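Peer 1: For reference, the sequence and a predicted model appear below.
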Amino acid sequence: MPNPGVAVADTEQNRLKRALRALELLFAAPGRDGKLEFPGHSMPEILAALFSPPAGSPAQTADYANRLYRDFGGKPLEARLGSLLFDMFLSNRILPSGLEQKNRGPNSRFLFRAAQDLWEGISETAKRLAGDARVFPAALDYIAALQVPAGNEEERFSAFAATVLAADRFRQTRMFRYFKGEFMPTAFDSVKPLKRFFGYHGVRAQFKDHFHNFAAGKSNLPLLVNSLPGHGKTSMVLSYSFAEESLTLVLPDPVTLEAGWDDLIAPLALRPDHRFVLFFDDINPNETNWFNFRTNVGGAFSLPENIMPVLSANYEFPANILSRGRRISFPTFDEQRCCEIVEDYLSTFGIRHYNRNLISQIAASYTEDFGQKKFTELSPRSLIRYLDTYEHDQNKRKTIVELATGPMVTRPDGQLFYEFNIELMRSLYGEDYIKRLLKQRLDDISHG
């Protein structure tokens, strides 16, 4: 096949032939019979028919133009082609940084010349369709809107590079949802700054260390996070990931753990210029088929070093899964950790020397509100919501300080925390788990 961009007589027919050859070079692959084939129902397949309608077919160029608009008109043609070219550059191991260089390599220049031929063929087709009664007006406008870059070769290559780079989704934002093979940009609107986390100092230090090491390229060991509901697993993963500016966060549908793992990993492995956190949130380890995870993480295959899975659950992970990553388990939320969070929260008001009575009084007031059904759970999540009321209510702050300096200071009820946690664990893990937990506690007491 001649190289794209080779000089031949610049007739209408030759421009279409060069466009078809460029299209085949970029997007076709040899089929079983050795003939070049495009993916079925794809834009390249329709463009090929647009340039050269199949022999003996009653369909004409206008029919393929109408089909092109029907199937792909929801997005400008230039953007569609830019996305296809972007994937083509990646599959040929040409990263976006290579497209930004002034001295582009021979591989980039080769592909850009093919793109030039393709653009010119589409432009020629738009001219042929003008005045054709069979073409849908919007379809003609869609095709004619594609502008062929002008200027010398370097100027044209720069224009194509800009079109291709505009398709780089991972430069546009740092957070994506992944569903049915699609990466969909998602806003970081609800991500908390790290200074808005309180208590659980050991857990927070582990999060900071793990994400920093991954960002620095030191480790991509999977992170396995578990706790009872409401302890802040999701918020911490989002915030500590976002705090490392070199990390991109992907939130796949949990079913991807069981099916579609390869489809998720493959496009990310082609981007060694980015580091990806794959966050599988709120999974149920007991109902998950772990075959794909065990095979690709510490099994027969290894994860690309630029990819790190993070899994969070309200349940314990199986032992054969824990052995493949780093475990972070939140201690149970009790009266001591409640006071620890209150103490940290008070520092946001500039209070450096804490009155222990004030901390106890606030914690006790929180449990009293729970007893009055103002909250449905005793957890760090509901405690922070409760503490936030002080931030916006000066009278409430004044009242709690007066109570803490009075003759009778209330302490948080430890038994209330214990009973709530036992009932919550019973509902999640079953009665057998509670029996084992109580037996372990009795054994601990008996052994001093």
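Peer 2: Alright, I've got the coordinates. Keep in mind that what you see is a predicted model, and the values were worked out from it rather than measured.
Peer 1: pLDDT of the longest strand belonging to the chain, averaged?
Peer 2: The single longest strand within the chain, with elements called by DSSP state E, is strand 275-283. Mean pLDDT, computed over strand 275-283, is 96.
Peer 1: which secondary structure elements does the helix or strand following it contact?
Peer 2: Moving toward the C-terminus from strand 275-283, the next helix or strand (DSSP states H and E) is helix 291-296. When contacts are defined as 3 or more CB pairs under 8 Å, 6 or more residues apart in numbering; DSSP states H and E, helix 291-296 sits against helix 261-269, helix 319-322. All C-beta atoms are positioned from the backbone trio N, CA, C, and that covers glycine.
Peer 1: Contacts for the longest one, please.
Peer 2: Contacts to helix 261-269, defined as CB atoms under 8 Å, 6 or more residues apart in numbering, come from residues 90, 178, 181, 183, 250, 252, 256, 274, 276, 278, 292-293, 296, 303-304, 306-307.
Peer 1: Could you do stretch 175-194 as well?
Peer 2: Under the contact criterion CB under 8 Å, 6+ apart, stretch 175-194 has outside partners 169, 172-174, 204, 208, 235, 238-240, 242-243, 248-253, 256, 260, 263-264, 267.
Peer 1: Restricted to buried residues, select the residues you listed in PyMOL.
Peer 2: Command for PyMOL that selects the buried part of these, burial taken from 16 or more other CB atoms under 10 Å:
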select buried, resi 169+174+204+235+238+239+240+242+243+248+249+250+251+252+256+260+264+267
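Peer 1: part of a strand, is residue 255?
Peer 2: No - membership of residue 255 in a strand is not supported by DSSP: H, G, I helix; E, B strand; the rest coil, which gives helix.
Peer 1: any idea how far residue 205 is from it?
Peer 2: Separation of residue 255 from residue 205 (CB to CB, to the nearest Å) stands at 33 Å.
Peer 1: ditto for residue 225
Peer 2: From residue 225 across to residue 205, the span is 14 Å (CB to CB).
Peer 1: Neighbour count: the two, which is higher?
Peer 2: residue 225 (27 against 10; other CB atoms under 10 Å).
Peer 1: Quick one: residues contacting residue 367.
Peer 2: 338, 378, 412-413, 416-417.
Peer 1: hang on, I meant residue 156
Peer 2: Residue 156 neighbours (CB under 8 Å, 6+ apart): 112, 116, 149-150.
Peer 1: Looking at those, which is nearest residue 62?
Peer 2: Of all these, residue 62 sits closest to residue 116, with 25.3 Å by CB to CB.
Peer 1: check which helix or strand covers that closest one.
Peer 2: Element membership for residue 116 (DSSP H and E) is helix 106-129.
Peer 1: before we move on, what about residue 436?
Peer 2: In this assignment (DSSP H and E), residue 436 forms part of helix 431-446.
Peer 1: go on, residue 382?
Peer 2: Going by DSSP H and E, residue 382 is part of helix 380-391.
Peer 1: I'd like to know which elements that helix is packed against.
Peer 2: If contacts are counted by 3+ CB pairs under 8 Å, 6+ apart, helix 380-391 sits against helix 335-346, helix 356-371, helix 394-404.
Peer 1: who's in contact with the residue nearest the centre of the chain?
Peer 2: The centroid of the chain falls nearest to residue 250 when counting by CA atoms, centre = their mean (1.5 Å). Residues in contact with residue 250 (CB under 8 Å, 6+ apart) are 175-178, 183, 264, 268, 276-279.
Peer 1: before we move on, back to that, show me the contacts of stretch 175-194 that map onto helices.
Peer 2: Counting by DSSP state H, the contacts of stretch 175-194 place 204, 208, 235, 238-240, 242-243, 263-264, 267 in helices.
Peer 1: circling back to that earlier point, just how off-centre is the helix holding residue 436 within its chain?
Peer 2: Offset of helix 431-446 from its chain centre (CA atoms, centre = their mean, to the nearest Å): 40 Å.
Peer 1: repeat for stretch 133-144
Peer 2: The answer for stretch 133-144 is 37 Å, by CA atoms, centre = their mean.
Peer 1: low-confidence ranges in the stretch 151-300 of the chain?
Peer 2: The stretch 151-300 of the chain contains residues with pLDDT under 70 at 300.
Peer 1: ok, now with 50
Peer 2: Across the stretch 151-300 of the chain, nothing is flagged by pLDDT under 50.
Peer 1: can you tell me which of the contacts of residue 367 lies nearest to residue 127?
Peer 2: Set against residue 127, the nearest of the contacts of residue 367 by CB to CB is residue 378 (72.2 Å).
Peer 1: secondary structure class for that closest one?
Peer 2: Once three-state DSSP is applied, residue 378 turns out coil.
Peer 1: Could you report the neighbour count for the nearest residue in space to it that is not next to it in sequence?
Peer 2: Counting by CB to CB, 6 or more residues apart in numbering, residue 378 lies nearest to residue 420, which is 4.7 Å off, once chain neighbours are set aside. Residue 420: 18 surrounding residues under other CB under 10 Å.
Peer 1: again, but for residue 103
Peer 2: Residues lying near residue 103 (other CB under 10 Å) number 5.
Peer 1: Spatially, which residue comes closest to residue 37, not counting chain neighbours?
Peer 2: Residue 37 sits nearest to residue 31 (CB to CB, 6+ apart), 4.1 Å away.
Peer 1: let me redo that: residue 221
Peer 2: Per CB to CB, 6+ apart, closest to residue 221 is residue 326, 5.3 Å.
Peer 1: For stretch 198-212, what is the distance to the chain centroid?
Peer 2: Its chain's C-alpha centre and that of stretch 198-212 lie 21 Å apart, by CA atoms, centre = their mean.
Peer 1: So which bits of that stretch are buried?
Peer 2: Using 16+ other CB under 10 Å as the test for burial, stretch 198-212 gives 198-200, 203-204, 206-207, 210-211.
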